[in-house]
Each structure stands twice: as C-alpha cells, then as structure tokens.
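**Q** after the sequence you'll find the predicted model.
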Amino acid sequence: MAARNPKSKRSTITIAHVSDLHVGSQYFISNLITRTVDELNELAPQAVVATGDLTDEGLRQEYKTVKIFLDRLDCKNVVTVPGNHDSRNVGYLHFEEFLGTRNKVLKFDGATIVGEDSSEPDLDGGRIGRERYKWIHDQFEENNFKIFALHHHLLPVPGTGRERNIVYDAGDLLEVLLRVGVDVVLCGHKHVPYVWRLENLIVINAGTVSSLRLRGLTKPCYNLIVVEDGRVRIYRKYPFGGRELIVDFSLVEGKYCKWERIDSEIMARGDLL
Ligand SMILES: [Fe+2]
Ligand SMILES: [Fe+2]
C-alpha cells in the first residue's frame with residue numbers, strides 16, 4: 001500500500017473518543033464518567049468525540065444528565081452523534097434539544113470531524129444511506145486530517161459473539177470514506193474496543209466508557225488518538241487506570257503496528273487459535 005502524502009499531517013492533534021455512556025441504565029456507573037471527564041480535563045485534548053448510546057432509553061431526563069457531564073468538559077470541540085439507544089422513544093428529539101444537530105461537522109487545527117447519525121428510531125440496526133454520501137464527501141477538505149464518526153460499527157468486531165447491527169450499507173460507506181481519503185473512523189455500539197486497518201483507513205471501535213454492559217473480559221474504557229509528526233498513535237485508556245498503546249501508524253511510510261489487548265483476552269481461552 002502506497003504511503004500517503006504527509007503534507008497535510010501537521011502539528012499535534014489529540015482527540016478523545018468516548019462511547020456508550022448508557023446514562024440511565026442499571027449498569028451505568030456515574031463514577032466512571034465523572035473520572036473520565038476529570039482525566040480529559042487534565043489531558044486537554046483538542047476535541048472530544050462521543051459516538052452514541054449516551055442515554056439508555058432516549059429519555060429527556062437521561063439527556064439532561066448527559067448534558068451535565070458533557071458541560072463539565074473544558075474542551076470547546078465536542079462532537080456527539082446519536083446511537084440506537086438515544087433514538088428510542090423518539091429520543092432523537094431530545095438529542096437535538098440538548099446536543100444539537102444529529103449530523104455535525106467540526107474543523108479545528110488542520111482536522112475535520114464529520115459526525116453522522118446512523119440510528120433508526122426503535123431499531124437496533126443502523127445505516128447512513130446513499131442520500132448522505134455526497135454531503136459527507138463535501139465536508140472534508142483536501143489537506144485536513146479526516147475523521148468520520150458514527151455509532152454503529154463499520155467492520156465486524158472480534159469477541160462480540162454473533163455479528164449483528166453492523167452498518168447496513170457498510171460496504172458502500174467504506175468505499176466512500178476510502179475515496180474521500182478519510183484517515184480515521186470512530187464508532188462504538190458493540191461495547192468492545194478494537195482497531196482495524198483497511199487499506200489506509202483506521203477504524204477504531206470504542207468500548208463502553210461508563211457502564212458495566214460488558215462483553216467477556218473487557219473493561220470500561222475510552223480511546224485517545226494522537227496525531228503527531230506524521231504518526232497516528234491510538235491509546236486505550238481505562239478510567240482510574242493506565243493507558244496502553246494499541247496502534248502506531250506512520251502516515252508517511254505506511255508502517256502499521258498493533259498491540260491489541262482483546263487478542264490476548266480471547267486467546268487466553270484458545271477461542272481464536
Ligand atoms: Fe451501547
Ligand atoms: Fe448501540
């Protein structure tokens with residue numbers, strides 16, 4: 001795979017990626033999100049992206065609580081997209097009231113983040129839809145670091161049981177994103193963190209940051225993406241815990257190194273051997 005032109009990859013960009021807060025769930029742990037907000041305020045990333053399932057049932061009271069947590073972030077660049085749980089019970093109306101439009105564009109420091117609503121009311125599955133592709137294409141600028149955010153996973157995630165609810169138009173959307181030259185996709189939904197590289201696209205799944213709706217041996221966590229000197233480094237951070245380097249990718253040489261913790265968690269039982 002040919003390396004990309006590094007001309008656009010300037011300065012340092014740090015992005016925090018949280019997902020699947022599930023405020024209102026019996027499994028929601030407020031200490032985890034409070035701690036995460038404190039950690040992020042100390043880290044001071046340029047942007048925080050929250051990829052959906054912020055609430056558990058899309059209820060107004062749940063959104064009010066989400067808003068309280070997000071307002072505690074010192075970061076001025078916060079991008080939120082709805083998840084399937086947020087659109088339950090016509091919750092997408094409350095999303096718009098408290099968190100703004102369901103599709104968003106944010107540009108800062110040489111980066112562009114496009115967030116898209118992949119949810120469909122009262123369905124667990126998700127889609128973007130062909131009617132949105134041109135709009136997505138038109139939001140990105142040639143020389144920017146390009147990030148696309150949505151709730152549903154765009155590639156299957158290992159360690160999550162039977163595959164379901166992957167973005168229905170994942171194939172077409174992947175092709176659009178590759179043609180646009182998107183660098184990073186941020187998504188959630190499965191509550192299992194994982195990173196894939198597909199051609200020059202890095203697809204980053206986040207785990208649940210503040211709930212115990214966990215699969216297998218995974219733990220609540222969030223992602224940190226650091227773009228610096230033509231390199232993309234992806235860290236997994238555990239609230240109250242340490243952080244691990246998961247991916248180190250050179251945009252200049254195309255060299256890609258991955259250390260996935262979930263590999264060892266699953267392979268410890270031999271399931272993937
Ligand atoms: Fe979720
Ligand atoms: Fe979800």
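**A** Perfect, thanks for sending it. Ligands and ions are numbered 1, 2, ... in the order given.
**Q** for the rest of this, base every contact and every neighbour count on C-alpha atoms.
**A** Will do.
**Q** let me see the contact set for the residue of the chain at minimum distance from ligand 2.
**A** Using C-alpha to the ion, the single residue of the chain nearest to ligand 2 is His189, 3.7 Å away. With contact set as C-alpha atoms under 8 Å, 6 or more residues apart in numbering, His189 has these partners: Ser19, Asp20, Gly52, Asp53, Gly83, His151, His152, His153, Ala206, Gly207.
**Q** report the contact partners of the third one.
**A** The reference is to Gly52. Residues in contact with Gly52 (C-alpha under 8 Å, 6+ apart) are 19-21, 80-86, 150-151, 188-189.
**Q** am I right that the residue of the chain closest to ligand 2 is in a strand?
**A** No - His189 is assigned coil when assessed by DSSP: H, G, I helix; E, B strand; the rest coil, not a strand.
**Q** how far does the longest helix along the chain sit from its chain's centre?
**A** Criterion DSSP state H: the longest helix present in the chain is helix 30-43. Centroid displacement of helix 30-43 relative to its chain, using C-alpha atoms, centre = their mean, to the nearest Å, is 17 Å.
**Q** can you check stretch 67-75 too?
**A** Taking the mean of its C-alpha atoms, stretch 67-75 sits 18 Å from the chain's own mean (C-alpha atoms, centre = their mean).
**Q** tell me which residue of the stretch 51-200 of the chain lies closest to ligand 1.
**A** Proximity of the stretch 51-200 of the chain to ligand 1 (C-alpha to the ion) peaks at His189, 4.5 Å away.
**Q** how about the stretch 1-150 of the chain?
**A** Closest point on the stretch 1-150 of the chain to ligand 1, by C-alpha to the ion, is Asp20, at 4.5 Å.
**Q** give me the mean pLDDT for stretch 50-66.
**A** Throughout stretch 50-66, pLDDT has a mean value of 98.
**Q** ok, stretch 24-35 next?
**A** 98.
**Q** what residues are up against Ala170?
**A** Each residue near Ala170 by C-alpha under 8 Å, 6+ apart is listed here: Arg127, Leu154, Leu155.
**Q** circling back: surely the residue of the stretch 1-150 of the chain closest to ligand 1 is in a strand?
**A** No - Asp20 is assigned coil when assessed by three-state DSSP, not a strand.
**Q** contacting residues for it?
**A** By C-alpha under 8 Å, 6+ apart, Asp20 lies in contact with 50-55, 188-189, 191, 207-211.
**Q** before we move on, what about Glu141?
**A** Residues in contact with Glu141, defined by C-alpha under 8 Å, 6+ apart, are Thr112.
**Q** so where does it fall, helix or strand?
**A** Using DSSP states H and E, Glu141 is not contained in any helix or strand.
**Q** please report phi then psi for it.
**A** Dihedral pair for Glu141: phi -110, psi 150, per degrees, to the nearest 10.
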